[in-house]
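Student: Need coordinates for the following:
(one chain, ligands or ions: 1)
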Amino acid sequence: MSTYAEFYRRSIDDRDAFWAEQARLIDWKQAPRTICDDSKPPFTRWFAGGTTNLCHNAVDRHLATRPDQPALIYVSSETGAERTYSFRQLHAEVQRAAAALRSLGVQKGDRVLIYMPMIAEAAFAMLACARIGAIHSVVFGGFASVSLASRIEDATPKVIVSADAGSRGGKVVAYKPLLDEAIRLSSHKPQSVLMVDRGLAPMESVAGRDHDWAALTEKHSSVSVDCEWLDSTDISYILYTSGTTGKPKGVQRDVGGYAVALAASMKHIFLGEPGETYFSTSDIGWVVGHSYIVYGPLLAGMATIMYEGLPIRPDAGVWWSLVEKYKVTSMFSAPTAVRVLKKQDPAFLKKYDLSSLKALFLAGEPLDEPTAQWISDGLGRPIIDNYWQTESGWPILALANGVEMKTSKFGSPGLPMYGYDIKLVHESTGKELTAPGEKGVVVIEGPTPPGFMQTVWGDDQRYVDTYWHTVPGRTVYSTFDWGIKDKDGYFFILGRTDDVINVAGHRLGTREIEESISSHPNVAEVAVVGVADSLKGQVAMAFVVPRDTAGLTDTAARLKLEGDIMKVVDEQLGAVARPSRVHFVNLLPKTRSGKLLRRAIQAVAEGRDAGDLTTIEDPTALQQIRDLMAP
Ligand code: AMP
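Tutor: Okay, here's the model as predicted:
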């Protein structure tokens, strides 16, 4: 076995040979002609000329060797449902779903928007799209009508698949009214809507447009649908994510590069072997759910657990009971979930047999050292922090313990993963920083590796303009994260360089929240910043200049307006985006040229020094915020 340093070097210096080898981890109908076509940077085309299919590799391929082995284990601690689908059963369900979508006119290249809770049908729908070459766009079920409408508008789906409701902490959240409202708001109208009826919430059906999942899939239960052989560079999916501007970006991913990247990551990073069980506690609405609930584990021939519910219901042992019951070998969660568990009785960590677990992988937000230490002590298992983004599709920084065992340094997500040529550059000069401990922006030198986003859906120029920045001598991809590197090459991530905040591992754009708050009639101006929080990592905090301050003299009136503004955000974007507090001020701190001083507001809200304020128009604006924050 080579050392990781050699493995990594080869991935950069002998790129094509390295990835040609990784490409053998999946089945190809036709072998790729070119490994990496980088002739039109930054648009890298991986495995061009090859044809393959994600669903074939995730499902059909395993029928010969493990038809009766568990493939999808669906557990809901909300409804009490628990069901295991073998690869054979999953194959049948996916074919039925594919036939149902075809019967609604879905063809290769058509978009299918999936707005669903964590139920098995969501995975069937995703795999069915992959099977027939339709492009899925999964929208997180926690988003509300305005967020959903902007995604419908941009992805222009032919069909939307949804369900009557999700459930969270025992509370039913109806999806259908939000979906109907989103379709009303969007200028694009889907031809059909396919609804799973879980019997949780009543639904009003739109005649001619809405169809029942159970009835339609049943009608096609004997139809067989072959996998469509797709070009490696065809589009597999679009997944929207937040950035600096209010409009979410559709991260577009390919088929072949993604399949190879995931298969390789299962082997080298996630220590997954066929026949084992993977448990990711994420949601299919996020990139972790795409890569490591649905595609990655199934590509590796593993069983994957899909879990609906909280980590602490019925008690804080629920996840560990699943690890014991299904002999989970790799588990993937987020630091926030660990911090939630940290508030519970630690005896739950010792109650179940966790000896099957090779490692717990944590990602999505910074993993603080005390939290890492607590869970490491409690589980007695390796904890592997890993850093990546919706854009990358798989870890950028981690430990590749499948190649060579390395020890974690708590607080660091580890080393650059193979295929990623990572640099730290100076924020304004773009000069590369090489000395240990120097803080810079984390950038990636092209070509980006397999699995990385191809472009922004429908907007190549936006991909180039947003992400690719010119530094002396070349153009590099910016992660928009600050980082430093230590003398051993371990990276530490120090937060975003842009206006994106990370609330409980959920990535949100402060501009989106500001736009939503601005729609309240009594809001003249607003600034939203991310403020450090001991449980959620960060929370959104809003500072609002009201139009009419006359009625806001007493606390009750201010609280009422604060509640009303929160409700607007809940209804438009979803509760995930709701600010933790809305404070009222007379004016916002701005520069003399009218630019909002967000970093200063954030610093003051976190009780830190506001930094250089030489350009501030009116210092009293910041003083007001300081006074509000005073204990
Ligand atoms: P998302 O696209 O939702 O996965 O969010 C990606 C962003 O989350 C990154 O750009 C980072 O700011 C943050 N992030 C993800 N994983 C980590 C990690 N392990 N440590 C620190 N920050 C992280």
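Student: Let me know the distance separating Val206 from the ligand.
Tutor: Separation of Val206 from the ligand (Cβ to the nearest ligand atom, to the nearest Å) stands at 33 Å. Every C-beta, even on glycine, is put in place using the N, C-alpha and C of the backbone.
Student: my bad, Thr336
Tutor: Computed as Cβ to the nearest ligand atom, the Thr336 to the ligand distance reads 11 Å.
Student: Could you look up the SS state of that residue?
Tutor: Following DSSP: H, G, I helix; E, B strand; the rest coil, Thr336 is assigned to helix.
Student: Is it in contact with Ser534, as I believe?
Tutor: No - counting by Cβ atoms under 8 Å, Thr336 does not reach Ser534; the two are 10.6 Å apart.
Student: if you count what's nearby, which of these two comes out ahead?
Tutor: With neighbours defined as other Cβ atoms under 10 Å, Thr336 and Ser534 compare such that Thr336 has more, 24 against 10.
Student: where does the more buried one land on pLDDT?
Tutor: Reading off the confidence values, Thr336 has pLDDT 95.
Student: what residues are up against it?
Tutor: Listed by Cβ atoms under 8 Å, 6 or more residues apart in numbering, the contact set of Thr336 reads Gly364, Glu365, Ala504, Gly505, Leu535, Lys536, Gly537.
Student: Just these: which are in helices?
Tutor: Applying DSSP state H to the contacts of Thr336, no entry is found in helices.
Student: Intersect those residues with the contacts of the ligand.
Tutor: For the ligand, the contacts drawn from the contacts of Thr336 by Cβ under 6 Å from any ligand atom are Gly364, Glu365.
Student: so of the contacts of Thr336, which ones are in strands?
Tutor: Of the positions in the contacts of Thr336, Gly537 sit in strands, assigned by DSSP state E.
Student: Show me which residues of this structure sit near the ligand.
Tutor: 241, 287, 363-367, 385-390, 413, 479, 481, 493, 496, 502, 507.
Student: give me that answer again for 8 Å
Tutor: 241-242, 286-288, 335, 362-367, 385-391, 397, 413, 479-481, 493, 495-496, 500, 502, 505-507 (Cβ under 8 Å from any ligand atom).
Student: Now do the strands in the stretch 51-200 of the chain.
Tutor: Using DSSP state E, counting those that start in this stretch, the strands found in the stretch 51-200 of the chain span residues 51-52, 70-76, 82-86, 111-115, 135-138, 159-163, 165-168, 171-174, 192-196.
Student: any chance of those in a markdown table, with mean neighbour count and mean pLDDT too?
Tutor: A markdown table is the format used below for these (neighbours: other Cβ atoms under 10 Å; pLDDT from 0 to 100):
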| stretch | mean neighbour count | mean pLDDT |
| --- | --- | --- |
| strand 51-52 | 22 | 98 |
| strand 70-76 | 23 | 98 |
| strand 82-86 | 16 | 98 |
| strand 111-115 | 26 | 98 |
| strand 135-138 | 25 | 98 |
| strand 159-163 | 27 | 98 |
| strand 165-168 | 20 | 96 |
| strand 171-174 | 14 | 96 |
| strand 192-196 | 23 | 98 |
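Student: among the residues of the chain next to the ligand, which ones are buried?
Tutor: 241-242, 286-288, 335, 362-367, 385-391, 397, 413, 479-481, 493, 495-496, 500, 502, 505-507 (16 or more other Cβ atoms under 10 Å).
Student: Do I have it right that Thr371 meets Leu341?
Tutor: No - using Cβ under 8 Å, Thr371 makes no contact with Leu341, being 9.6 Å away.
Student: Local confidence estimate at Ala201?
Tutor: pLDDT, Ala201: 98.
Student: ok so, going back, of all the strands of the stretch 51-200 of the chain, which one comes closest to Ala99?
Tutor: strand 192-196 (12.1 Å; Cβ to Cβ).
Student: Mind giving me the packing neighbours of that closest one?
Tutor: Packing partners of strand 192-196 (3 or more Cβ pairs under 8 Å, 6 or more residues apart in numbering; DSSP states H and E): strand 159-163, helix 176-185, strand 210-212, helix 213-219.
Student: by how many degrees do that strand and strand 111-115 diverge?
Tutor: Angle of strand 192-196 versus strand 111-115, following axes from the mean of the first three to the mean of the last three Cα atoms, to 10 degrees, is 30 degrees.
Student: How about residues contacting strand 192-196?
Tutor: Residues contacting strand 192-196 (Cβ under 8 Å, 6+ apart): 100-101, 104-105, 116, 119, 121, 158-164, 176, 179, 183, 203, 205-206, 209-214, 216.
Student: Mind giving me the PyMOL command for buried ones among these?
Tutor: Applying 16+ other Cβ under 10 Å to the contacts of strand 192-196, the buried members can be selected in PyMOL as follows:
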select buried, resi 100+101+104+116+119+121+158+159+160+161+162+163+164+176+179+183+203+210+211+213+216
